[in-house]
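# Kindly generate the corresponding structure for this input.
(chains A, B and C)
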Amino acid sequence: MRDFVRTLIHRREAGIFAMLLLITALVGTMEPRFLTLETARIVALAIPLILIAAMGQMMVLVARHVDLSIGSIMAFSSIIAGMMFRDLPDLPIMAGVVVAIALGTGLGLVNGLLVVIFKLPSIIVTLGTLSLYRGLVFLVSDARQVDPQFIPRSLISLSQTSPVFGIPWLVIIALAVAVATYLFLDHTRLGRQIYALGSNPVAAPLRGIKVVRVTLLVFALSGALSGLAGVLYASRFGYVNPGITGVGFEFTVIAAVVVGGVSINGGVGTVLGTVLGVLLLGLVSVALPVLGVSAFWQDVFNGAVIVLALLIDRTVRERSTRALAQARSSG
Amino acid sequence: MDQQKLISARGISKQFAGVEVLSDVDLDLRTGEIHALLGENGAGKSTFAKILAGVHRPTRGTLRMDGRPIEVSSPLAAQRLGITLIHQEPISFPDLSVAENLVLGRGNEAALGRVRRAENAARARELMDLLGVRIDVDQVMRGLSIADQQMVEIARALDSDSRLIIMDEPTAPLTPKEVETLFAIARRLRDEGRTIVFISHRLEEVRALCDRATVFRDGRLVGTEEVAGLEDADIIRMMIGRPVKDYIHKHRARIGEAALEVRGLTRVPAFRDISLEVRRGEIVGLAGLVGAGRTDVARAIFGVAPADTGTIRVNGADVTVADPSDAIGLGLAFVPEDRATAGIFGTMSVENNITAAVPDLISQGGFISAARVRALARSSVEKLKIRLASLRQPIMELSGGNQQKAILARWLHTDPAVLILDEPTRGIDVGVKAEFYDMIGALAEDGKAILLISSELPELLALCDRILVMAEGRLTAELSRDEATQESVMQAAVPRAAGEAA
Amino acid sequence: MSDTTQARPEQKPALSSHEAAAPRPLWQVVLIRPEVMTLVLLFVAFGVATWLSPFFADTTFILESATFYVEFALIALVLTLIIISGEIDLSPAAMMAFSACVFAALFKAGVPIGVAMGASVATGALMGAFNGVLVLWFKLPSIIVTIGTLTLYRGLAQVLAGDRSISGFPSWFIGIDWKYWFGVPIPVVFFVLVAIVLGVFLALTVTGRQIYQIGTSPEAAWHAGIRVRRIKMSLFVLLGVTSSVAGMLTASRLASVRYDMATGGELQMVLMVMLGGTYIFGGRGSIAGTFLAAWLLIVIATGMNVANIPITSQLIVMGLLLIVSIVATNAIYARTQR
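Below you'll find the model as predicted:
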């Protein structure tokens, strides 16, 4: 019986992987052009920003919170970095990156502070900051976009050049973030405390976990990573627009994370699962146009995916609680 | 073995909201002993244990460990002092592995906070071997049986080198084999010089395992004896031996037809094969210890959490009770045990609370008739002597007793044939209790069939025509008014050792 | 105002100190509540707006500006009921869009306009029911699941309408915001009427009271025989229907339908409810509060427009207001909490 629950969890990643293969096979048979390296490259380029932000969102969800403002944080960092590049043409891109991450961290901390100080549900708080930060984006940019000619060539080249196997730098950066997140979450004390906090928030302080600190940390990290995604947006798309950058981003990220097995109730989720989830959504987003299906189905897919994932999570929990009760009663 | 005093408690007392639940407890716990804490529900044994474990702070009194005064200010502080409490429902992080649960908070990480996975897993396996249990330390806690979760908590206690391990009703969810394993471990720990405090109701187990026993009653320590010299009867007498107050409610109700009949009601694992009947004008008591399943039976009858199998008949007709509104329509009423969460609408007015179950009575074409609400509420206030400042004030501002009266009033307005009362006088002052007893008697005289769930023996003895006793989900006895004494009820309520059917 | 239940003090023992807390004085009950704060803010906002621009204090102007926000305000009224009952729904803006797209697509396909409108309302009801089933039967947390459904419905709107802007509606249908009833734009009249009906429903009917009871303690409501599931389901469906009506009002005002209708509306709707003093955790709130908050938002938004503050900066104000309002109502309610 115990193996049952364990395998169900493992089955999640295996399941997503199977879905990936299935979709690739299906689409490949219908449209052989799909099975090329070029597709792989397109898919790879579709996901790095989502992947980076998903790492942050994953940590927030594992801690039993939600961050709906990541799209706006991403836009804010992005536009400030963009404006810096535009107004200070000799600025090294590293400076832009650092500033973006710092800003993201700051905005994330504001989220965390509101949640912790006023004990408000993170979903409503971040619904408010989603709007607040987006407003700031328009304010600081005067509603003007940062045009492509102002984005440093070296930044854009991150999406185009590659050190190895034709994999663009951008993808490598995203993978590095994923690996770093894995090392942090699975192999450090703070990382394990995040899981513990989400798994049983009542017991956490009893075991010496500093709830306030850990909560602030996850929101700060989510903000930082959204900030990084923001500056890399300019690399990927070549411009930053206050009304477009990051809009609706949070829903795509949440869908990917939830599909990847991270539970809304906290305490559950793996980096591998999240990566696979991002891959799955990315694959579908590329597959749809190849199949001639209008890209408009993307949102339908994302929404359905969120609902399905929630249903699956609920069923798994119910089964394991029922199994526990049965085991208890037969004793 | 040369025993010393590990813990000395002197004058430990505890008050909750002005009510003293523990008074002047003096107790010594020795090193290298297994010490039982016994007593009825609410006698104070759990409160005392929680004070030792840092969950509560004593209102008065001192604690000494190894002769030195200590302050157990929090569960964390208790752990640092070497005191561990193993809850009946073990607290853990269900999504983390066994090894992680063991190790969280140990602080043995390497540089940069790197978790020593391999070492932790090895240490976890070591502990499991020490305890002689085969638990896969890499698996997630959620899948573990209660017995295994307990083992993990004990392993934690070992790992932190706990000197005092308190086990709160550990054997209730265990199979006989698991109990044996637990006992073997407890004995080994004792032989190592640790102290085990064993809270339980199962006298056979206490006798099998423990060296000494302390009995609590009404918040006081009655006595501490060597278990070897004690008989069951002695223990029970210590647990309940109080002069039965001369409060026999002499109500003259004519007992009529069966209003409620229940046959073979079962809901695994809460209760099995419950059959009972309550007649018009009768007050039937349902006694038992906490966890016996009485409230689950009541909730099943009332449709809050229906049973898996079994039949219910109301006034002679077979009925299905799928939810509380069905129940109300059939003439059933249920005053729940936990009025704070299942009873009152705390922030809403007293009159709203009183009229909550009778929408038809207060409705005038769908609109609320304020006049009717006021009238119904007022009549309740007068009839039940509810003390309040205004019908419009939020019910949570009332004292516990008056809140309870208001809830009772709510149900009386539905004009039920059958009234199920679950611990109606819990947390209520003595004076108001007497009023309740009068009211319950009057309701019986009125022809209502009353099922009274209570943990207070004097209450049951005073009011009930018959007392049914449950233990661990089954009915163990039915006692008539003559047969019912505190001892006979307690005997039936105390579970046999695990594995023996009632 | 003292009750005659204490009419016979000599026959009863004196009230001991812990028998019953003294009730809050009436003036406190009436004045210290979030709705009053909203009212005060409304006056303040009005004052500031008039000071910023004398053109502001023109009833016709305000009423005309109100038509931009009335669709959301309508939904906010029903959303108030849902939040009081302890749930939440973030999908109404998307429901508006999809049901409006259904309407437009059917109309374009030649279906008689009355049937198209009916289909739109039915779609709204279905979407609301879907939300309700997920929350009430599958017991999924309403806040996350409605994020999922909002994405889903918005996507369906996209699939149905594509990137196009559907128009060509009959002239009697469009421009409802320019049609008046005694000098007040019809949508505003509709809003006020619905507010009155819902306000009366919530405050004066048995079911209305039961909604409060469900939100205060779902467990106690269940025990008291209140049909919790039925009531909540009805509210979800009502929200869906209201969304579709709001969608058609918008279609009439803009004379066209696009899949991205009402994007970002979720925030404004929730904001109106929160600003009106409804407690996020359920059990407290009022239609009057949301009504006032809607006007407050109208005044603020219109005032900012008149003062030439860019629409996009208004987002900052909205976000700030939302945070401040939940902090404030939380603070007020937490003190008198169970």
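# Could you list the low-confidence segments of chain A?
Within chain A, the ranges that satisfy pLDDT under 70 run A:1-10, A:320-331.
# no, scratch that, I was asking about the stretch 151-300 of chain B
B:241-252.
# please redo it, this time with the cut-off set to 90
In the predicted model, the stretch 151-300 of chain B carries pLDDT under 90 at residues B:151-162, B:168-182, B:185, B:192-193, B:200-207, B:217-220, B:222-223, B:225-257, B:268-270, B:288-293.
# Indicate the residue of it located nearest to chain C.
Residue of the stretch 151-300 of chain B nearest chain C, by CB to the nearest CB: B:Arg299 (9.0 Å). For every residue, glycine as well, the C-beta is placed using N, CA and C.
# give me every residue that touches that residue.
Taking CB atoms under 8 Å, 6 or more residues apart in numbering or on different chains, we find B:Arg299 in contact with B:Ala305, B:Phe334.
# got the buried residues for the helix or strand containing it?
Using DSSP states H and E, B:Arg299 sits within helix B:294-302. Across helix B:294-302, burial judged by 16 or more other CB atoms under 10 Å in any protein chain shown covers B:Arg294, B:Thr295, B:Asp296, B:Val297, B:Ala298, B:Arg299, B:Ala300, B:Ile301, B:Phe302.
# and the stretch 151-300 of chain C, which residues reach chain A?
C:151-156, C:158-159, C:162, C:259, C:264, C:266-267, C:270, C:274, C:280 (CB under 8 Å from any CB of the partner chain).
# Confidence-wise, which of the residues you listed comes last?
Lowest in pLDDT among those is C:Gly264, which has 80.
# got a list of what that residue touches?
Counting by CB under 8 Å, 6+ apart, C:Gly264 has contacts A:Ser131, C:Ala93.
# Now do the phi/psi pair for it.
Backbone torsions for C:Gly264, taken as degrees, to the nearest 10, come to phi 80, psi 0.
# What of C:Tyr279?
phi -80, psi 130.
# Quick check: it touching C:Thr329?
Yes. The pair C:Tyr279 / C:Thr329 is scored as a contact, 5.9 Å apart, by CB atoms under 8 Å.
# what's the neighbour count on B:Met141?
21 (other CB atoms under 10 Å in any protein chain shown).
# typo on my end, B:Thr320
B:Thr320 has 10 nearby residues by other CB under 10 Å.
# Using PDB, write out every CA atom in the helix holding B:Arg299.
In PDB, the C-alpha atoms belonging to helix B:294-302 read as follows (Å, rounded to 0.1, in the frame of the first residue of the first chain):
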ATOM      1  CA  ARG B 294     -20.300   7.900  20.100                       C
ATOM      2  CA  THR B 295     -20.300  11.200  18.200                       C
ATOM      3  CA  ASP B 296     -19.800   9.300  15.000                       C
ATOM      4  CA  VAL B 297     -22.900   7.300  15.700                       C
ATOM      5  CA  ALA B 298     -24.900  10.500  16.400                       C
ATOM      6  CA  ARG B 299     -23.600  12.100  13.200                       C
ATOM      7  CA  ALA B 300     -24.600   9.000  11.200                       C
ATOM      8  CA  ILE B 301     -28.100   9.000  12.600                       C
ATOM      9  CA  PHE B 302     -28.400  12.700  11.900                       C
END
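# Show the subsequent helix or strand relative to that helix.
Counting by DSSP H and E, what follows helix B:294-302 is strand B:309-314.
# for the record, mean pLDDT for the next helix or strand after that next one?
Sequence order places strand B:317-319 as the next helix or strand after strand B:309-314, per DSSP H and E. Strand B:317-319 carries an average pLDDT of 91.
# and the following helix or strand past strand B:317-319, anywhere near chain C?
Per DSSP H and E, the first helix or strand lying C-terminal to strand B:317-319 is helix B:324-329. Yes. Residues of helix B:324-329 contacting chain C under CB under 8 Å from any CB: B:Pro324, B:Ser325, B:Ala327, B:Ile328.
# Out of those residues, which two are the most distant from each other?
Comparing all pairs in the residues of helix B:324-329 next to chain C by CB to CB, the longest separation belongs to B:Ser325 and B:Ala327, at 7.2 Å.
# neighbour count winner among these two?
A direct count of neighbours by other CB under 10 Å for B:Ser325 and B:Ala327 places B:Ala327 higher, at 27 against 18.
# Could you pull up the residues touching the more buried one?
Applying CB under 8 Å, 6+ apart, the residues contacting B:Ala327 are B:Ile301, B:Phe302, B:Gly303, B:Val321, B:Ala333, B:Phe334, C:Gly225.
# can you check B:Asp95 too?
Contacts of B:Asp95 by CB under 8 Å, 6+ apart are A:Tyr195, A:Gly198, A:Ser199, A:Gly266, A:Gly267, A:Val268, B:Val140, B:Met141, B:Arg142.
# Filter those residues down to just the ones in strands.
Applying DSSP state E to those, no entry is found in strands.
# Output those in CSV, with distance to chain C appended to each entry.
Below are those laid out as CSV (distance: CB to the nearest CB, whole Å):
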residue, distance to chain C
A:Tyr195, 19
A:Gly198, 15
A:Ser199, 17
A:Gly266, 12
A:Gly267, 15
A:Val268, 14
B:Val140, 22
B:Met141, 23
B:Arg142, 19
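# In helices only, show me these.
A:Tyr195, A:Gly198, A:Ser199 (DSSP state H).
# Where in chain C is the helix or strand with the lowest mean pLDDT?
helix C:26-31 (a mean of 69; mean pLDDT, DSSP states H and E).
# re the thing from before, wait, which of the buried residues of helix B:294-302 is closest to chain A?
Distances from chain A to these, taken by CB to the nearest CB, are shortest for B:Asp296, at 12.6 Å.
# Surely the closest one is in contact with B:Pro269?
No. At 9.6 Å, B:Asp296 does not count as touching B:Pro269 under the criterion of CB under 8 Å.
# returning to what we had before: now do the helix or strand that the least confident helix or strand of chain C is followed by, average pLDDT.
Heading C-terminal from helix C:26-31, the first helix or strand you meet, by DSSP H and E, is helix C:34-52. Mean per-residue pLDDT for helix C:34-52: 82.
# where do the strands sit along the stretch 51-200 of chain A?
Using DSSP state E, counting those that start in this stretch, the stretch 51-200 of chain A contains no strands.
# Give me every residue in it that's in contact range of chain C.
So the stretch 51-200 of chain A meets chain C at A:66, A:114, A:118-121, A:123-125, A:127-136, A:138-139, A:143 (CB under 8 Å from any CB).
# one more time with 10 Å, if that's ok
Residues of the stretch 51-200 of chain A lying near chain C by CB under 10 Å from any CB of the partner chain: A:61, A:66, A:68-69, A:72, A:110, A:114, A:117-121, A:123-139, A:141-143.
# which residues do B:Asp296 and B:Pro269 both contact?
Common contacts of B:Asp296 and B:Pro269 (CB atoms under 10 Å, 6 or more residues apart in numbering or on different chains): B:Gly473.
# Is there a neighbour count for the closest residue to A:Asn111 other than its chain neighbours? I'd like the number.
Among residues not flanking A:Asn111 along the chain, A:Phe219 sits closest, at 4.7 Å (CB to CB, 6 or more residues apart in numbering or on different chains). A:Phe219: 30 surrounding residues under other CB under 10 Å.
# All the helices of the stretch 151-300 of chain C, residue numbers only.
C:186-204, C:206-216, C:218-223, C:228-254, C:265-275, C:287-306 (DSSP state H, counting those that start in this stretch).
# three-state assignment of A:Leu22?
Classification of A:Leu22 using DSSP: H, G, I helix; E, B strand; the rest coil returns helix.
# which residues touch B:Leu452?
Taking CB under 10 Å, 6+ apart, we find B:Leu452 in contact with B:278, B:283-287, B:419-425, B:440, B:444, B:459-460, B:463-464, B:467.
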